[in-house]
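1. this one's sequence-less:
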DNA sequence: AACCAGGTCGTGA
DNA sequence: TCACGACATGGT
């Protein structure tokens, strides 16, 4: 993989196991716009860049080399060998072959903890387009403006300090509905220092999940999404309605099964590959199997 | 017009 | 512990 920078454009040549559309649209992140096939505006970590993939070449417009090294390389999980991960997932259970083949360009992003926390609190009982709209509403209203590569203005997700100044009514105006008090509670928990990335990083996954679940509006599923996407805990295995469906059909003879039981089964079966297995299955279930 | 969406909470058995 | 309705919003 060769990385170069020309002006404000970073070119990553030789990306493998990488499909931008799959990475962004598999339901793990919500702050991006599709501009064209394999061309996206991505807003994260206080930046707005245009990413474009053609074959094995990824271009990031509006990024310095420093931003690539400090932000986009870790964000895109570039130092992880997904060829090996996919091999291991299939070795854990060959029944995942179809899902992995279908979604062979997925990578798990390393997203900002606070944005991930709030985004997945919003996600409950909403579909993905609605979640994206709420995240955009909050960012547009309370986030800092940044100028994208083409000169267009974008709004980054507000940090804890900024969101802490916002009232519940202002949140409701962003169409988050009954989740507004949950967002208030989560923001207070992080702002006050009761629940921080530093604390969570120092705990084992069970204790970290417990701490996250002290936040009102954060249950088992949301906590697992935050662990997986916002804290790099790849052994987390979130079970939502889609995962419930596909896991029941694959492993429980189509019978109605508790989400906790499904999660326990998966943790045992996939171990520290659980998060990856979950994401291949989730996207496959949602876009192909049960479409 | 009911039903559903990357759920969680409070309540009552 | 477990089942179940409520909760905002928008799309089919």
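-> Done, it's in. None of these values were measured; they are calculated from a predicted model.

2. Low-confidence ranges, the stretch 1-150 of chain A, go.
-> Applying pLDDT under 70 to the stretch 1-150 of chain A picks out no residues at all.

3. What parts of it come near DNA strand B?
-> Taking CB under 7 Å from any atom of the strand as the contact definition, the stretch 1-150 of chain A meets DNA strand B at A:26-28, A:123-128, A:130-131. (Glycine included, C-beta is placed from N, CA and C.)

4. and with 10 Å instead?
-> Those residues of the stretch 1-150 of chain A that sit near DNA strand B, judged by CB under 10 Å from any atom of the strand, are A:26-30, A:106, A:108, A:119-132.

5. Domains in chain A, by residue range?
-> Split into domains by automatic domain parsing, chain A comes to A:2-79, A:113-230, A:241-289.

6. Nearest to residue A:85, out of these?
-> Closest of the domains of chain A to residue A:85 is domain A:241-289, at 5.4 Å (criterion: CB to CB).

7. quick one: terminal-to-terminal distance for the closest one?
-> Taking CA to CA, to the nearest Å, domain A:241-289 runs 14 Å from one end to the other.

8. taking the mean pLDDT, what do you get for it?
-> Averaging pLDDT along domain A:241-289 gives 97.

9. Tell me, how many residues neighbour the closest residue to residue A:256 other than its chain neighbours?
-> Counting by CB to CB, 6 or more residues apart in numbering, residue A:256 lies nearest to residue A:248, which is 7.0 Å off, once chain neighbours are set aside. By other CB atoms under 10 Å, the residues close to residue A:248 number 15.

10. thinking again about what came up before, which of the residues of the stretch 1-150 of chain A next to DNA strand B are close to DNA strand C?
-> Counting by CB under 10 Å from any atom of the strand, A:122, A:124-127, A:129-130 from these sit close to DNA strand C.

11. quick one: which of those residues is most hemmed in?
-> Neighbour-wise, those (other CB under 10 Å) top out at residue A:122, 29 neighbours.

12. what sits against it?
-> Residue A:122 makes contact with A:131, A:134-135, A:176, A:179, A:183 under the criterion CB atoms under 8 Å, 6 or more residues apart in numbering.

13. Sort out for me which of the residues of the stretch 1-150 of chain A next to DNA strand B are in helices.
-> Within these, residues falling in helices by DSSP state H are A:119-123, A:128-132.

14. Just the buried subset of the residues you listed, please.
-> Buried subset of these (neighbour count, 16 or more other CB atoms under 10 Å): A:119-123, A:130-132.

15. Which of the residues you listed sits closest to residue A:226?
-> residue A:120 (5.8 Å).

16. and that closest one, what does it touch?
-> By CB under 8 Å, 6+ apart, residue A:120 lies in contact with A:222, A:225-226, A:229.
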